[in-house]
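Q: How does the following fold in three dimensions:
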Amino acid sequence: MLKGNKGEWSEIYTLLKLLGDKEIYVGDENLNKIPDLLYPIIKILRDENNGNYEYSVNDNLILITGEDDSFSISIVEFKQKSALLLNKIKEAHSSSFDVPEIEDFLSQIKCSTLKAKSSSKTDIRIVIHDLKTNLQPELGFSIKSQLGGASTLLNAGKTTNFIYEIENCGLTNDFVERTNLIDTRSKIKDRLNAVINNRCKIQFNQTEKEIFGNNLILIDSLLPNILAEITFDFYTSNSSKIIDLVENIESNNPLNFNTANNHKFYEYKIKKFLTEVALGMMPAKVWNGIYDATGGYLVVKEDGEVLSYHIYNKNKFENYLFHNTKLETASSSRHDFGKIYEENGKYFIKLNLQIRFLK
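A: Numbers count the residues shown, from 1 in each chain. Predicted structure coming up:
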């Protein structure tokens, strides 16, 4: 009996839904489908524990081909089973559940696991027909589902800590101790406000981990400074959405870019950063700029609609990430940030970066 959470079941739902629809629409930054931008699906490729399978669209049939056999199933069955599975996912209240009503069908179409085998971030591979170029590229996607909890884009860790030096205010041990003991619901913001109210200057020093810092520099030499400013603004303001934080930094222009001609320096660089994270950059691993097999996301909306965002449509993919992500506060105890500490006679504080999709 297959069992999994809503996100894992969403992978199977996406497979059934797309094969039933025979096409996939591109979405805009507001998660609305673009009516005149769709791709007919030629086939979907899936790697299972028991072999590799192709699900090819052939008129009103899906031709399923494995290493040793080939057979067809009506598209109507895929439509019916995807609708049934969608309802079961929505109705589920436990963190892990089974759906016995489609168990036989999944066995019939050779789906023996909820999550397809993959060595990259790719959850599903689709061969589409590009009506403009008449080409049939194979596109890899990571599936992000709104049927469960909101997914993270950049996971928190000590790897995503930024270190700031506290300058020009003559801190005392008593002040540091009292500040670190602040334990309100918004304790990190309140600790930072205490430091600022003490007429201290808080200046970005470096990323805690060298690899993360160098990964950012590889993407853009000023990216560590820009992200440090955005992270600091998140912890000292009421803004959390990426689009709002970037608007703030564009207005303040802390890096003193020449904006006389209205260049969107910060927006451009943050969009580039979000795209690199989405397509493979991880803070703890040296980033070589080579994307995983994945090239984009499929978003399963709360109503069951599936929309595509792919580097194949670079601007739409970037805008989706930019408009649909936010910063959030992770566990400060687990990731060791949010307290003033002394090192070689100087005082510092670490702030953490975690990015999550909007629900």
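Q: low-scoring stretches of this protein, by residue?
A: 116-120, 292-294 (pLDDT under 70).
Q: how about the helices of it, start to end?
A: 6-21, 75-91, 103-108, 173-180, 187-197, 210-219, 223-236, 242-252, 265-278, 314-323, 332-335 (DSSP state H).
Q: How much space separates Tyr268 from Ile219?
A: For Tyr268, the distance to Ile219 (C-beta to C-beta, to the nearest Å) stands at 12 Å. Just so you know, the C-beta spots here come from the backbone N, C-alpha and C atoms, and that holds for glycine as well.
Q: Could you identify which of the helices of the chain is most buried?
A: Highest mean neighbour count among those (mean count of other C-beta atoms under 10 Å): helix 6-21, with a mean of 23.
Q: Would you agree Thr329 is in contact with Arg185?
A: No: using C-beta atoms under 8 Å, Thr329 is not in contact with Arg185; the gap is 10.4 Å.
Q: Compare those two (neighbour count), which wins?
A: Thr329 (18 against 6; other C-beta atoms under 10 Å).
Q: all strands of the stretch 1-150 of the chain, in order?
A: 3-4, 23-27, 33-48, 51-58, 61-65, 70-74, 97-98, 124-128, 138-145 (DSSP state E, counting those that start in this stretch).
Q: Now do the fourth one and strand 61-65, the angle between them.
A: When axes from the mean of the first three to the mean of the last three C-alpha atoms, to 10 degrees is applied, the directions of strand 51-58 and strand 61-65 differ by 160 degrees.
Q: what lines up beside strand 51-58 in the sheet?
A: strand 33-48 (antiparallel), strand 61-65 (antiparallel) (DSSP bridges).
Q: Put the alpha carbons of that strand into CSV.
A: Written as CSV, here are the backbone C-alpha positions of strand 51-58 (Å, rounded to 0.1, in the frame of the first residue of the first chain):
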residue,chain,number,x,y,z
GLY,A,51,12.3,0.1,-14.6
ASN,A,52,11.9,3.2,-16.8
TYR,A,53,8.6,4.0,-18.4
GLU,A,54,7.3,6.3,-21.1
TYR,A,55,3.7,7.6,-21.1
SER,A,56,3.0,8.7,-24.6
VAL,A,57,-0.1,10.6,-25.7
ASN,A,58,-1.8,8.9,-28.7
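Q: Give the buried residues for it.
A: 53-57 (16 or more other C-beta atoms under 10 Å).
Q: Pick the one among those residues closest to Ser142.
A: Tyr55 (18.7 Å; C-beta to C-beta).
Q: is it true that that closest one touches Ile62?
A: Yes: judged on C-beta under 8 Å, Tyr55 makes contact with Ile62 at a distance of 5.5 Å.
Q: shared neighbours, the two?
A: Leu19 (C-beta atoms under 8 Å, 6 or more residues apart in numbering).
Q: just to revisit the earlier point, among the strands paired with strand 51-58, which is nearest Asn319?
A: The nearest among the strands paired with strand 51-58, by C-beta to C-beta, is strand 33-48 at 11.7 Å.
Q: So which bits of the closest one are buried?
A: Neighbour-count burial for strand 33-48 flags 33, 38-39, 41-46 (criterion: 16+ other C-beta under 10 Å).
Q: Other residues contacting it?
A: 15, 18-19, 21-28, 52-57, 110-113, 116-118, 124-131, 136, 138, 305, 307-308, 313, 316.
Q: among these, which ones are buried?
A: Of the contacts of strand 33-48, these count as buried by 16+ other C-beta under 10 Å: 15, 18-19, 21-22, 24-27, 53-57, 110-111, 113, 116, 118, 124-128, 305, 307-308, 313, 316.
Q: that older thread, and the buried residues of strand 33-48 as CSV, adding distance to Thr152?
A: Listed next are the buried residues of strand 33-48 as CSV, based on distance: C-beta to C-beta, whole Å:
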residue, distance to Thr152
Lys33, 25
Leu38, 29
Tyr39, 28
Ile41, 28
Ile42, 32
Lys43, 31
Ile44, 26
Leu45, 26
Arg46, 25
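Q: right, and the strands paired with strand 51-58 - which one's nearest Phe322?
A: Nearest to Phe322, of the strands paired with strand 51-58 and by C-beta to C-beta, is strand 33-48 at 16.8 Å.
Q: Just want the most central residue of this structure.
A: Leu153 (2.6 Å; C-alpha atoms, centre = their mean).
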